[in-house]
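Trainee: need the 3D shape of this:
(one chain, ligands or ions: 2)
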Amino acid sequence: MKLKTYITAEKIQEKVAELAARIDEYLGDSEAVMIANLKGSVIFFSDLIRQMKNMNITADFLSTESYAGTEHTGIVKITRDLSMDITGKKVVLVEDILDTGLTLEHIMRYIRDIHNPEDVKICVLLDKPSNRRVELAADFVGFTIENEFVVGYGLDYYEKLRNLPYIALVEEQ
Ligand code: IMP
Ligand code: MG
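Mentor: Ligands and ions are numbered 1, 2, ... in the order given. Take a look at the predicted model:
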């Protein structure tokens with residue numbers, strides 16, 4: 001397998017700082033909850049919240065399953081629920097990539113119906129709008145990319161390459 005650099009670590013960090021500033025502007029100093037969808041968003045999430053100035057935020061996690069290798073199964077399952085009460089709070093849902101939109105649509109509906117937050121915004125590092133299967137847009141987007149399978153900075157290829165510090169394209173050999 002060959003990896004081709006797609007977005008460098010430096011470019012990612014610049015973008016993360018920009019997104020953190022925009023989220024800070026939206027949240028002010030409110031007691032908002034930053035939620036990461038595990039596992040793909042964990043690297044992005046940890047960099048993002050460390051760039052935020054709001055010291056009243058809390059962090060929580062949920063996990064979903066929807067992919068088998070590089071293919072979407074079309075079925076989204078919540079495999080780990082939130083551990084905190086987010087009733088009446090502002091929430092920013094952080095995800096590595098918005099692809100078909102099925103995962104985030106499912107999580108959004110689930111959080112709104114079950115957990116009663118005041119508001120939920122979506123922050124994604126990457127957006128692949130050409131592959132969308134449902135109508136959904138993120139509120140904070142890092143990079144808009146082509147319909148290509150990318151890895152690194154949290155994104156996996158059969159569970160590997162999450163620890164790559166930059167984002168790469170996989171070139172099959
Ligand atoms: P969606 O439900 O199709 O929007 O996909 C969201 C999830 O699919 C993400 O959380 C990723 O785990 C995974 N995913 C989508 N595209 C890619 C990719 O290019 N590389 C790695 N994972 C991806
Ligand atoms: Mg994945």
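
Trainee: what pairs with the lowest-mean-pLDDT helix or strand in the chain, parallel or antiparallel?
Mentor: Between all helices and strands in the chain, the lowest mean by mean pLDDT, DSSP states H and E belongs to strand 71-80, at a mean of 84. Sheet pairing of strand 71-80 (DSSP bridges) gives strand 58-68 (antiparallel).

Trainee: in the partner strand, what's buried?
Mentor: By neighbour count on 16 or more other CB atoms under 10 Å, the buried set for strand 58-68 is Asp60, Phe61, Leu62, Thr64, Ser66. Using the backbone N, CA and C atoms, a C-beta is placed for each residue, glycine as well.

Trainee: and these as TSV, adding pLDDT?
Mentor: As requested, the buried residues of strand 58-68 are exported to TSV (pLDDT from 0 to 100):
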residue	pLDDT
Asp60	98
Phe61	98
Leu62	97
Thr64	92
Ser66	79
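
Trainee: tell me the mean pLDDT for the lengthiest helix in the chain?
Mentor: When the chain is parsed with DSSP state H, its longest helix is helix 9-27. The average of the pLDDT scores along helix 9-27 is 98.

Trainee: which positions in the next helix or strand after it come out as buried?
Mentor: As assigned by DSSP states H and E, the chain's next helix or strand after helix 9-27 is strand 33-38. Using 16+ other CB under 10 Å as the test for burial, strand 33-38 gives Val33, Met34, Ile35, Ala36, Asn37.

Trainee: strand 33-38 vs ligand 2: in contact?
Mentor: No - using CB under 5 Å from the ion, strand 33-38 stays clear of ligand 2, with a minimum separation of 9.8 Å.

Trainee: and that strand, what other elements does it pack with?
Mentor: Applying 3 or more CB pairs under 8 Å, 6 or more residues apart in numbering; DSSP states H and E, one finds that strand 33-38 makes contact with helix 42-50, strand 58-68, strand 90-98, helix 102-110.

Trainee: in CSV, list these along with distance to ligand 1.
Mentor: Listed next are the helices and strands packed on strand 33-38 as CSV, based on distance: least, CB to the nearest ligand atom, whole Å:
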stretch, distance to ligand 1
helix 42-50, 11
strand 58-68, 5
strand 90-98, 5
helix 102-110, 3
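
Trainee: how much space separates the most centrally placed residue in the chain from Arg133?
Mentor: Taking CA atoms, centre = their mean, the centroid of the chain lies closest to Glu95, which sits 0.8 Å from it. Separation of Glu95 from Arg133 (CB to CB, to the nearest Å): 16 Å.

Trainee: cool, and Val170?
Mentor: Distance from Val170 to Arg133, by CB to CB: 22 Å.
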